[in-house]
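>>> Sequence and predicted structure, then a few things I'm wondering about:
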Amino acid sequence: MGLVLYRSGQPYVFEASATVRYTPLRAWIARGAGGHYAVKRLADAAQRLGPDSVAKLRRAAEVFEGRPYDLTFEWSDRRLYCSELVWKAYERAFGIRIGHLQRLREFDLTDPTVRERLEQRYASGVPLDETVISPATMFAAANLVTVSVH
């Protein structure tokens, strides 16, 4: 997940991967499963956003450029994960929340693989009250519309 922004006339995805950075759109798509991707935008973007909205979104997002990826999904600005980056960019640029924030405890954490990863990442205990925004919640957000699916 990321923000599609143009640089020198070329599409890039501003994403949180190893670090928060720009990745050429073609390279970003190639990393995905079978080259499949979806493009979404705000449902009422024309009514809610002005002519300087892309620049405003870019400024809000680029504050995080170079920050490391957050494997422990902390709700801080020190490190970020993919959906957190997009959520914070829209919220800080426009006051728009895409999807609803949850607590880690609201997710099904009973799968053995999930339990193992949690134990690896949180040696001192899983922070069940940590605020998170999941990619699935953002993808299903009512204030987004699908523009394209490939």
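Structure's in. What do you need?

>>> where's the residue positioned nearest the centre of the chain relative to E65, distance?
The geometric centre of the chain, computed from its C-alpha atoms, lies nearest to S83 (C-alpha atoms, centre = their mean), at 2.1 Å. Plainly put, S83 is 17 Å away from E65 if you go by C-beta to C-beta, to the nearest Å. To be clear about C-beta, it is placed using only N, CA and C from the backbone, and glycine gets the same treatment.

>>> Let me see the residues that make contact with stretch 79-87.
With contacts defined as C-beta atoms under 8 Å, 6 or more residues apart in numbering, stretch 79-87 is touched by 1-3, 14-17, 20, 61, 64, 67-73, 75, 88, 97-99, 101, 132-135, 137-138.

>>> do stretch 14-28 as well
By C-beta under 8 Å, 6+ apart, stretch 14-28 touches 1-5, 7, 10-13, 58, 61-62, 64-70, 80-82, 84-85.

>>> Over to stretch 143-150?
Stretch 143-150 is contacted from outside by 29, 35-44, 96, 98, 138, using C-beta under 8 Å, 6+ apart.

>>> next one: stretch 29-44
Against stretch 29-44 from outside (C-beta under 8 Å, 6+ apart): 4, 48-49, 96, 98, 139, 142-150.

>>> again, only this time at 6 Å
By C-beta atoms under 6 Å, 6 or more residues apart in numbering, the residues outside stretch 29-44 that reach it are N143, L144, V145, T146, V147, S148, V149, H150.

>>> Would you report the backbone torsion angles of A93?
With angles defined as degrees, to the nearest 10, A93 sits at phi -80, psi -40.

>>> residue contacts, R121?
L71, T72.

>>> Sorry, slip of the keys, the one I care about is P135.
Shown in contact with P135 (C-beta under 6 Å, 6+ apart): M1, S83.

>>> and what of V126?
By C-beta under 6 Å, 6+ apart, V126 lies in contact with L118.

>>> Check what pLDDT it gets.
Note on V126: pLDDT of 89.

>>> and it, what element?
Taking DSSP states H and E as the definition, one finds V126 inside no helix or strand.

>>> same for the helix or strand of the chain with the lowest mean pLDDT, what does it pack against?
Within the chain, no helix or strand scores below helix 45-48, which has a mean of 77 by mean pLDDT, DSSP states H and E. Packed against helix 45-48, as judged by 3 or more C-beta pairs under 6 Å, 6 or more residues apart in numbering; DSSP states H and E, are no other helices or strands.
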